[in-house]
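>>> below are the sequence and a predicted model; questions follow.
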There are 6 protein chains.
Amino acid sequence: MPQISLTRVVQFSASHRLHVKSYSAEKNLRVFGKCNSPNGHGHNYKAEITVVGALNPETGMVLNLTLLKQIIEKTVIKHLDHKNLNLDVPEFKAINPTAENIAIVIWKMIRPKLARGLDLEIKLFETENNIVLYRGEKSAGERA
Amino acid sequence: MPQISLTRVVQFSASHRLHVKSYSAEKNLRVFGKCNSPNGHGHNYKAEITVVGALNPETGMVLNLTLLKQIIEKTVIKHLDHKNLNLDVPEFKAINPTAENIAIVIWKMIRPKLARGLDLEIKLFETENNIVLYRGEKSAGERA
Amino acid sequence: MPQISLTRVVQFSASHRLHVKSYSAEKNLRVFGKCNSPNGHGHNYKAEITVVGALNPETGMVLNLTLLKQIIEKTVIKHLDHKNLNLDVPEFKAINPTAENIAIVIWKMIRPKLARGLDLEIKLFETENNIVLYRGEKSAGERA
Amino acid sequence: MPQISLTRVVQFSASHRLHVKSYSAEKNLRVFGKCNSPNGHGHNYKAEITVVGALNPETGMVLNLTLLKQIIEKTVIKHLDHKNLNLDVPEFKAINPTAENIAIVIWKMIRPKLARGLDLEIKLFETENNIVLYRGEKSAGERA
Amino acid sequence: MPQISLTRVVQFSASHRLHVKSYSAEKNLRVFGKCNSPNGHGHNYKAEITVVGALNPETGMVLNLTLLKQIIEKTVIKHLDHKNLNLDVPEFKAINPTAENIAIVIWKMIRPKLARGLDLEIKLFETENNIVLYRGEKSAGERA
Amino acid sequence: MPQISLTRVVQFSASHRLHVKSYSAEKNLRVFGKCNSPNGHGHNYKAEITVVGALNPETGMVLNLTLLKQIIEKTVIKHLDHKNLNLDVPEFKAINPTAENIAIVIWKMIRPKLARGLDLEIKLFETENNIVLYRGEKSAGERA
């Protein structure tokens, strides 16, 4: 069966502060600049959530888009939208909410809900101009 | 020679209805939801048509863009634009016009017009938020 | 109180056919071109729905956005999304579903739900490149 | 001299919480919904800052764009970008940081820097789908 | 009859240099900065061409969009696309090709092709972030 | 460590002319069409500059975005923005400034500034509809 990628794009609005607890105030400011601003700031994050798999020849679909929307709503939007990532989201208690880490967290939220035969990729836009892509735990050399 | 991807983006407006003839009315509604609405609905489809190949060192091009535009116009736009996919396009008489199948149909329309040394990928946007990608008959494992 | 415009953007996918019953087949084709294609075609319509009024100094809002979203959902999206405008929507039984007329129909759907002190404008994108704007029954000379 | 509008588009990332101090917790939640989330959330705000005036026939400009960029940088971006609007920006100590109020605050920041013969309008996108427009203290009836 | 605005969006790619012949080299550099770079630079200009008029109740259109497209193609695209505005376009022999002046030139190209009862507005995007709007020879006070 | 892609999007405005010195005037016109227009034309080029590497588990970043922005500013924007590519940029003295060659030139400008463990990809938008992608000197078969 041919392999197809199916992508659903969603948005969520959240605030965050880049900060590493083990760094001094000076080092945090030097490394993260204005993203270290003490009371946080925020973004309209856009996530492109891509599932790759074989086409179902009967329905003509890789995965029912309605099902994918429900998974994203329950596992991602409910936990991240209109939240302060540092204070409201347990996954960021110990790790810095950079775009890279947010993409990895979203991947880990969705991965267990998908069948094993499907691959998953997360592209996260922090702004229109700052974008990260995470393709899961295989190395980029194997996958991309 | 370095490999380069050249992408041309085109749009076409078409209507469709998701429906599998062998399914009952109830099953069609359950699987396809509002996309099964009896009189159809429509989209401004956007297709990113990508050709991958070696750079021609003389012209500095992978493929003359004017030629690619002509191929797309004659094989894709002419057959799909301002059409009812279910009723007007023979390729969808037997298969369901999902985004996945539309991408595969476009791939099959363009593939015979390209030299063998060029690869072809079709990314189709049904809406800004629903996107599929088809890279041809090789498995995703080999290619991507 | 200062006047503010509040705009909510929504999208809906629908199919239509431009056709005037009193015209001959030849005249319909001459006037409407490929938009007269017999089995219809479709678009992802985008509507910018703008309400203009005085700021409520207590809430800092012109109109509660949640209320505006509910009005749009119940009066516009429910009736137009995933529909064939010519066959499924009574407002277009007697009038041609041009972008101009769709904007006027949306204006008439929403207007009765708003307080008299609020003005209403509808900007409708049929595609990214074809756009109409309707500001209601006052003449453009008075309003714009 | 013909009148021309000149618009500069800028973006800033900030966090905010919609909350009226004189309301009970229940009323704040009922009026502002998820936008009242206690630790705040954020947006990539986009502002279209428009200056309207007579064309300078010598330069062919309404206002030197470099000058407009400097005014916006010093009066708007410096004070709002990568900030928590409720906690870091004095203008929002007493007023609710709704999109409407943010647009008015930006208008008041820029207005004193412009010559009297120029009009000023602020269009603020909180997200791609939620937009406000403020044209200054004249009533909409006079101006628009 | 209700008044409706109909907008067609087109793009053209051109190069230009901002330069006033009567200015010294130093003054040109001070006023126009990098836009005065001697060999010119370029843009993908986007023009939103808006016609405002009464709805034709029979067709449901303000103006036939096919006709508007032809007017734009023949009067604007043919003369500006893939051109060096300073060297190839007679209208800019004596005036500086700023965004403001380009919008006025486009207005003057299209105005004679439209019926007297129709108003015309030109919104020109030099980049996504630099935009001008020209509504014709009436003052902004009368019109906007 | 998981592999992550980090993309920074930048824009620059430049002019160019497609022309091969060893071709006759007739052949240049036939091959390059309106892009061969003698005095050149221009574009707002958009470049997506992607760095692929291992996540730094301490900072949660692949590469400090501030550093990446500085590299792009100094090596790309400074040399290409507001320039005539054919006349002002030494890299195009001997090669044709097609989108393909511009992407390769940008890749060569940035590559020496990055650590060896990082991969680099350049996606260049000449217009919204004409896009090229260059992933470096490995063959597409190995990489993609």
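Happy to help now that I have it. Numbers count the residues shown, from 1 in each chain, chains lettered A, B, ... in the order given.
>>> in stretch A:38-48, which residues are buried?
A:Gly40, A:His41, A:Gly42, A:His43, A:Asn44, A:Tyr45, A:Lys46, A:Ala47, A:Glu48 (16 or more other Cβ atoms under 10 Å in any protein chain shown). Every residue, glycine included, has its C-beta placed from N, CA and C.
>>> so the fourth one belongs to a strand, correct?
By that I understand A:His43. Yes: judged by DSSP: H, G, I helix; E, B strand; the rest coil, A:His43 forms part of a strand.
>>> wait, what's in contact with it?
Under the criterion of Cβ atoms under 8 Å, 6 or more residues apart in numbering or on different chains, the neighbours of A:His43 are A:Ser13, A:Ala14, A:Ser15, A:His16, A:Glu126, A:Thr127, D:Ser13, D:Gly42, D:His43, D:Asn44.
>>> follow-up on the earlier one: mind putting the buried residues of stretch A:38-48 in CSV, pLDDT included?
Formatted as CSV, those follow (pLDDT from 0 to 100):
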residue, pLDDT
A:Gly40, 97
A:His41, 98
A:Gly42, 97
A:His43, 98
A:Asn44, 98
A:Tyr45, 98
A:Lys46, 98
A:Ala47, 98
A:Glu48, 98
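>>> and those, which two are furthest apart?
A:Gly40 and A:Glu48 (24.8 Å; Cβ to Cβ).
>>> distance from the helix ranked longest in chain A to the middle of the chain?
Counting by DSSP state H, the longest helix found in chain A is helix A:99-110. Offset of helix A:99-110 from its chain centre (Cα atoms, centre = their mean, to the nearest Å): 4 Å.
>>> can you give me the mean pLDDT across that helix?
Averaged across helix A:99-110, pLDDT comes to 98.
>>> for chain D, what's the nearest residue on chain A?
A:Gly42 (0.6 Å; Cβ to the nearest Cβ).
>>> is that residue bridged to anything, and to what?
A:Ser15 (DSSP bridges).
>>> quick check, it in contact with A:Ala14.
Yes: the criterion here is Cβ atoms under 8 Å, and A:Gly42 meets it with A:Ala14 at 6.2 Å.
>>> identify the bridge partners of whatever residue of chain A ends up closest to chain B.
Among the residues of chain A, A:Gln3 lies nearest to chain B; the distance is 3.5 Å by Cβ to the nearest Cβ. On the basis of DSSP bridges, A:Gln3 is bridged to A:Ala54.
>>> roughly how far apart are it and chain C?
27 Å (Cβ to the nearest Cβ, to the nearest Å).
>>> could you do A:Phe92 as well?
28 Å.
>>> please name the nearest non-neighbouring residue to that residue.
A:Leu85 (5.0 Å; Cβ to Cβ, 6 or more residues apart in numbering or on different chains).
>>> pretty sure that neighbour sits against A:Thr98.
No: in this structure, A:Leu85 is not within contact of A:Thr98 by Cβ under 8 Å, at 10.1 Å.
>>> now do the contacts for the spatially most central residue of chain A.
By Cα atoms, centre = their mean, chain A has its centre lying nearest to A:Ala103, at 2.8 Å. With contact set as Cβ under 8 Å, 6+ apart, A:Ala103 has these partners: A:Ala47, A:Ile122, A:Lys123, A:Leu124, A:Val132, A:Leu133, A:Tyr134, F:Ile4.
>>> which residues touch the last one?
Think F:Ile4. Residues counted as contacts of F:Ile4 (Cβ under 8 Å, 6+ apart) are A:Glu100, A:Ala103, A:Ile104, A:Val132, A:Leu133, A:Tyr134, F:Val52, F:Gly53, F:Ala54, F:Leu55, F:Val62.
>>> hmm, 10 Å instead?
A:98-101, A:103-104, A:132-135, A:140, F:51-56, F:60-63 (Cβ atoms under 10 Å, 6 or more residues apart in numbering or on different chains).
>>> ditto for A:Asn28
When contacts are taken as Cβ under 10 Å, 6+ apart, A:Asn28 is in contact with A:Arg17, A:Leu18, A:His19, A:Val20, A:Lys21, A:Ser22, A:Cys35, A:Asn36, A:Pro38, A:Asn96.
>>> excluding covalently adjacent residues, which one is nearest to the first one?
Going back to what we said before, that points to A:Arg17. A:Gly40 (4.1 Å).
>>> isn't that neighbour right next to A:His16, touching?
Yes: taking Cβ atoms under 10 Å as the definition, A:Gly40 is a contact partner of A:His16 at 6.1 Å.
>>> who touches both of the two?
What both A:Gly40 and A:His16 touch, as defined by Cβ under 10 Å, 6+ apart, is the set A:Asn84, A:Leu85, A:Asn86, A:Leu87, A:Pro97, D:Ser15, D:His41, D:Gly42.
>>> from what I can see the third one touches A:His16, true?
Yes: counting by Cβ under 10 Å, A:Asn86 does reach A:His16; the two are 5.9 Å apart.
>>> so which of these two has more stuff around it?
The residue with more neighbours, out of A:Asn86 and A:His16, is A:His16; 29 against 18, by other Cβ atoms under 10 Å in any protein chain shown.
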